[in-house]
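S.K.: Build me a structure from this.
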Amino acid sequence: MTTPAAEPMTELQAYGTSGYDYIFTEPCEKYNVQQLMAQLLPPLYGLVFGVGLLGNMMVVVILIKYRRLSILTNIYLLNLAISDLLFLITLPFWIHYAQQGQWVFGYDMCKLLSGFCSMGLYGETFFIILLTIDRYLAIVHATFAIRARTVFFGIVSSSVTWVLIVLIALPEIVFSRAQEEQGYFSCVSLYPEGDVYTWKRLYIVRINTLSLVLPLLVMVVCYSGIIKTLVRCPNRKKYKAIRLIFVIMVVFFIFWTPYNLALFLHAFQMTLFESSCERSNQLDVAIMVTEVIAYTHSCINPVIYAFVGERFREHLRHFFRRHVAVCPGTCIRLCPSEMPERASSASPSTMEQELIGVF
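M.R.: As a prediction, this is how the structure comes out:
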């Protein structure tokens, strides 16, 4: 998480800014960047937290209440929502950190929240990859998919994915620590002395590979195969089924690509550019702005479901009519709806619908 300390620090964070940047022969002051972050981040992250928490909680509720977890795709969608929630619960702590200028939550919370943040972000990427592969199998290899795309496989593959996510996020947990300097506490990533820049660059290469290059490669391969199949055998239902996952993937890249590029340029600025304190500050601001955009993505997926997922909209309408109905002459209160249990019984009636359905 890119959050400044109130006083200069002698170590660089994993990415982002510190009080001084010791890349240069003379200390490069970053106080203006820190002040901008303290003013900009809290209100924006507060908005992301509120919208994202509400939206992803509704996704979880709809999937569980209407028993939609008998479909493999929806198991991955549930895990995607959980990944977003895992990241979102860390935001109030980062907001407080940015506002106060120092870390007050202790050593263990620094490691725990840094780990949750990384796990949430990597989880989002990996489950979008699984969703894309799932659509590919359902459309291109339908016969195989009927046998392979079971609830058991969904549970096993999701469990294995979470183990992988924890292992990938482990360096952030190990190197994140709370430290005191000049009376101020900070929560930063501190790499072994003498290898700071090597570790930092390895971190950036890893996050660029896993969060940008790998998903892009999977998307190109899978959707190329899907498009070829649909051209040979057009199917309106299949078009609708892949539309949701395609929109989720495209929006993911729109939100995350600028941030990944900014991180890469910041880590390799000494190689790519002439040394300049001004340029370093500009890259810090670029990371801050693109980070806000990237983290906003955690509250976008539920909006996509609402606009693109027809069944999700149907379940959502039924849920509000049944549990938060507005009765004439009264304020909003809980009251039973006269709407029939159409949504809960709207499960697909054919194997093909089970295969390609989303929500």
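
S.K.: can we go C-alpha only for contacts and neighbour counts from here?
M.R.: OK.

S.K.: can you pull out the helices in the stretch 201-350 of the chain?
M.R.: 214-232, 236-267, 269-272, 277-296, 301-308, 310-323 (DSSP state H, counting those that start in this stretch).

S.K.: Gly46: which of the ones you listed is closest?
M.R.: Checking the helices of the stretch 201-350 of the chain against Gly46 by CA to CA gives helix 277-296 as the closest, at 10.5 Å.

S.K.: quick revisit: could I get the helices of the stretch 201-350 of the chain in CSV, plus columns for mean pLDDT and mean neighbour count?
M.R.: Below are the helices of the stretch 201-350 of the chain laid out as CSV (pLDDT from 0 to 100; neighbours: other CA atoms under 10 Å):
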stretch, mean pLDDT, mean neighbour count
helix 214-232, 86, 15
helix 236-267, 80, 19
helix 269-272, 75, 12
helix 277-296, 83, 20
helix 301-308, 71, 18
helix 310-323, 73, 17
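
S.K.: As a markdown table, those with distance to Val196 would be great.
M.R.: Formatted as a markdown table, the helices of the stretch 201-350 of the chain follow (distance: least, CA to CA, whole Å):
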| stretch | distance to Val196 |
| --- | --- |
| helix 214-232 | 26 |
| helix 236-267 | 11 |
| helix 269-272 | 14 |
| helix 277-296 | 17 |
| helix 301-308 | 35 |
| helix 310-323 | 47 |
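
S.K.: can you tell which of those is closest to Tyr184?
M.R.: Closest to Tyr184 of the helices of the stretch 201-350 of the chain, according to CA to CA: helix 277-296, at 21.4 Å.

S.K.: the inter-axis angle of that closest one versus helix 236-267?
M.R.: 150 degrees (axes from the mean of the first three to the mean of the last three CA atoms, to 10 degrees).

S.K.: Check which helices and strands helix 277-296 sits against.
M.R.: Judged by 3 or more CA pairs under 8 Å, 6 or more residues apart in numbering; DSSP states H and E, helix 277-296 is in contact with helix 31-65, helix 236-267.

S.K.: low pLDDT regions in the stretch 101-250 of the chain?
M.R.: Within the stretch 101-250 of the chain, the stretches with pLDDT under 70 are 194, 234-242.

S.K.: picking that back up, go through the helices of the stretch 201-350 of the chain and name the closest to Ser186.
M.R.: Nearest of the helices of the stretch 201-350 of the chain (CA to CA): helix 277-296, 17.7 Å.

S.K.: Can you give the distance from the closest one to the centre of its chain?
M.R.: On the basis of CA atoms, centre = their mean, to the nearest Å, helix 277-296 sits 18 Å off its chain's mean C-alpha point.

S.K.: Can you show me the CA trace of that helix as CSV?
M.R.: The C-alpha trace of helix 277-296 is given here as CSV (Å, rounded to 0.1, in the frame of the first residue of the first chain):
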residue,chain,number,x,y,z
CYS,A,277,14.5,14.5,-8.6
GLU,A,278,11.7,16.2,-10.5
ARG,A,279,11.0,13.2,-12.6
SER,A,280,11.0,11.0,-9.6
ASN,A,281,8.4,13.2,-7.9
GLN,A,282,6.3,13.1,-11.1
LEU,A,283,6.4,9.3,-11.1
ASP,A,284,5.4,9.2,-7.5
VAL,A,285,2.3,11.3,-8.3
ALA,A,286,1.6,9.0,-11.3
ILE,A,287,1.7,6.0,-9.0
MET,A,288,-0.6,7.7,-6.6
VAL,A,289,-3.2,8.7,-9.2
THR,A,290,-3.1,5.3,-11.1
GLU,A,291,-3.2,3.5,-7.7
VAL,A,292,-6.5,5.2,-6.9
ILE,A,293,-7.8,4.2,-10.3
ALA,A,294,-6.6,0.6,-9.9
TYR,A,295,-8.0,0.2,-6.4
THR,A,296,-11.4,1.6,-7.6
